[in-house]
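Undergrad: task: produce atomic coordinates for the following.
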Amino acid sequence: MIRSLAALTALALLSGCTSEPVTAQSTLDGHSPIVIAHRGASGERPEHTLAGYRLAIDLGADYIEPDLVLTKDGVLVARHENEISETTDVAEHPKFAARKATKTIDGREVTGWFTEDFTLAELKTLRARERLPKLRSTEYDGQFEIPTFEEILALLAEVNKGRKTPVGVYPETKHPSYFVSIGLPHEAPLLAMLDRFGYRGRAAPVFIQSFEVGNLMDLRAESDLPLIQLIDAAGGPADRPGTSYAAMTSPAGLKMIAAYADGIGPNKAMVIPRAALGRLGEPTNLVRDAHAAGLKVHPWTFRRENYFLPLGDKGGINPAGHGDLAAEIKAYLDTGIDGLFSDNPREAVAAVRKGKAE
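TA: Below is the predicted model:
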């Protein structure tokens, strides 16, 4: 999700979202924006672990977000990518050395170890590790298993007992057209598992998201659960090579998305691009245009490390140091976003609550 600041700014301008100052806009439905714990409390624990999800819930997140890939035996598990060398200790297991491979995923060559080459039992012998060790603590490396989607939903069922407002789940289907090409589609096991745990109908505390289009259209044909079209500042959907994300964020493009989805999840630089020297620029019209099409807007990803923050909100020159995440979030809340993805639910929840009180 990290792109150069110059590229982000240029692409935001090309997208048809012209800069026009906006202040204190409302969300689409007038409700308080939701906080989505991006891969769990991934600023505190290794991402996509039950410990990270539980901590995110304890810190007040409204939704937890698992990225979903499949195992060789067709089980949905939570990993940022199907290539797992960055987020597990797989390279330290000699018995799996021969599984290392080079594959073409969404038109890009990737080398490593892939979930679809492991059974669930084999994946359970691995342990999670911090994906950003230069920015975050590695003290929890080696402690946690790779969780299944079923285990994540079971955790939510446990913590939601007696809650007036349940914590929701916000799964992302990763590389769905690739998985279809190898005979491991997401749709059926995803919908079956959600149904098993009682996620039915548009009021269910769930959003299903994807960077691809066909996957969401297929899900819409089978379910009325809320869907979110993810959008990056560059490129386009892997399953629609003739379509750019820039075109999808034009008013006409947003109306097309509204025919099959309930909202968009844009790269946050498409809502407020970075200006000179990495400062926040003026908001674009994306939130306004999306709301006009009846779409919610949930930008990603808000992180407290100086490395990720706009110049004015950095807390020093140490990239791993923490800056003023709340100030960055406040600028986005003023545009009327309906929710946000954050690695740091503690800070994000506090910022949203403060914004609501103001």
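Undergrad: identify the spatial nearest neighbour of Glu81, chain neighbours not counted.
TA: Distances taken as CB to CB, 6 or more residues apart in numbering place Lys174 nearest to Glu81, at 6.6 Å, with adjacent residues excluded. To be clear about C-beta, it is placed using only N, CA and C from the backbone, and glycine gets the same treatment.
Undergrad: quick check: the one you found touching Asn82?
TA: Yes - when contacts are counted by CB atoms under 8 Å, Lys174 is listed as touching Asn82 (6.5 Å).
Undergrad: what bits of the protein have low per-residue confidence?
TA: 1-24, 357 (pLDDT under 70).
Undergrad: please report the distance of the residue most central in space within it from Leu190.
TA: In the chain, the residue lying closest to the centroid (CA atoms, centre = their mean) is His38, at 5.6 Å. Between His38 and Leu190 the computed distance is 19 Å (CB to CB, to the nearest Å).
Undergrad: check Ile105 too.
TA: Applying CB to CB, the value for Ile105 to Leu190 is 19 Å.
Undergrad: higher neighbour count, these two?
TA: Leu190 (23 against 16; other CB atoms under 10 Å).
Undergrad: pretty sure that one sits against Val206.
TA: No - applying CB under 8 Å as the test, Leu190 and Val206 come out as separate, 10.4 Å apart.
Undergrad: mutual contacts of the two, please.
TA: Residues touching both Leu190 and Val206 by CB atoms under 8 Å, 6 or more residues apart in numbering: Pro171.
Undergrad: so what's the residue nearest to Glu81 up against?
TA: Contacts of Lys174 (CB under 8 Å, 6+ apart): Asp67, Leu68, Val69, Arg79, His80, Glu81, Asn82.
Undergrad: so what's the residue count around the spatially closest residue to Val169 that is not a sequence neighbour?
TA: Distances taken as CB to CB, 6+ apart place Val206 nearest to Val169, at 5.3 Å, with adjacent residues excluded. Val206 has 23 neighbouring residues, counting by other CB under 10 Å.
Undergrad: and what of Phe144?
TA: 18.
Undergrad: repeat that for the one 5 residues further on.
TA: Counted by other CB under 10 Å, the residues lying close to Phe149 total 23.
Undergrad: I figured it was touching Leu68, is that so?
TA: Yes - between Phe149 and Leu68 there is a contact under CB under 8 Å: 5.9 Å.
Undergrad: joint contacts of these two?
TA: Joint contacts of Phe149 and Leu68 (CB under 8 Å, 6+ apart) are Leu76, Val77, Ala78, Pro171, Leu190.
Undergrad: distance check, the fourth one against Asn82.
TA: Spelled out, that is Pro171. 15 Å.
Undergrad: need the contact list for Arg304.
TA: Gly43, His322, Gly323, Leu325, Asp343, Asn344, Glu347.
Undergrad: please read the previous query as pertaining to Asn318.
TA: Counted by CB under 8 Å, 6+ apart, Asn318 has contacts Asn306.
Undergrad: can you classify it by secondary structure?
TA: The three-state assignment at Asn318 reads coil, by DSSP: H, G, I helix; E, B strand; the rest coil.
Undergrad: separation between it and Leu333?
TA: 27 Å.
Undergrad: ok so, going back, would you mind confirming that the residue nearest to the centre of the chain makes contact with Pro299?
TA: No - taking contacts as CB under 8 Å, His38 lies outside contact range of Pro299: 11.1 Å.
Undergrad: measure Val110 to Lys174 for me?
TA: In terms of CB to CB, Val110 sits 12 Å off from Lys174.
Undergrad: pretty sure Leu230 contacts Glu172?
TA: Yes - Leu230 is within contact range of Glu172, at 7.2 Å (criterion: CB under 8 Å).
Undergrad: my guess is Ala331 contacts Leu280, does it?
TA: Yes - counting by CB under 8 Å, Ala331 touches Leu280, with 5.7 Å between them.
Undergrad: show me the helices in the stretch 51-200 of the chain, by range?
TA: 120-123, 149-159, 176-181, 187-196 (DSSP state H, counting those that start in this stretch).
Undergrad: could you list the buried residues of the second one?
TA: Under the neighbour-count criterion of 16 or more other CB atoms under 10 Å, helix 149-159 has Phe149, Glu151, Ile152, Leu153, Leu155, Leu156, Val159 buried.
Undergrad: got it, and the first one?
TA: Buried residues in helix 120-123, defined by neighbour count with 16+ other CB under 10 Å: Leu120, Glu122, Leu123.
Undergrad: now flag whichever of those residues is closest to Arg163.
TA: The closest of the buried residues of helix 120-123 to Arg163 turns out to be Leu120 (CB to CB; 29.5 Å).
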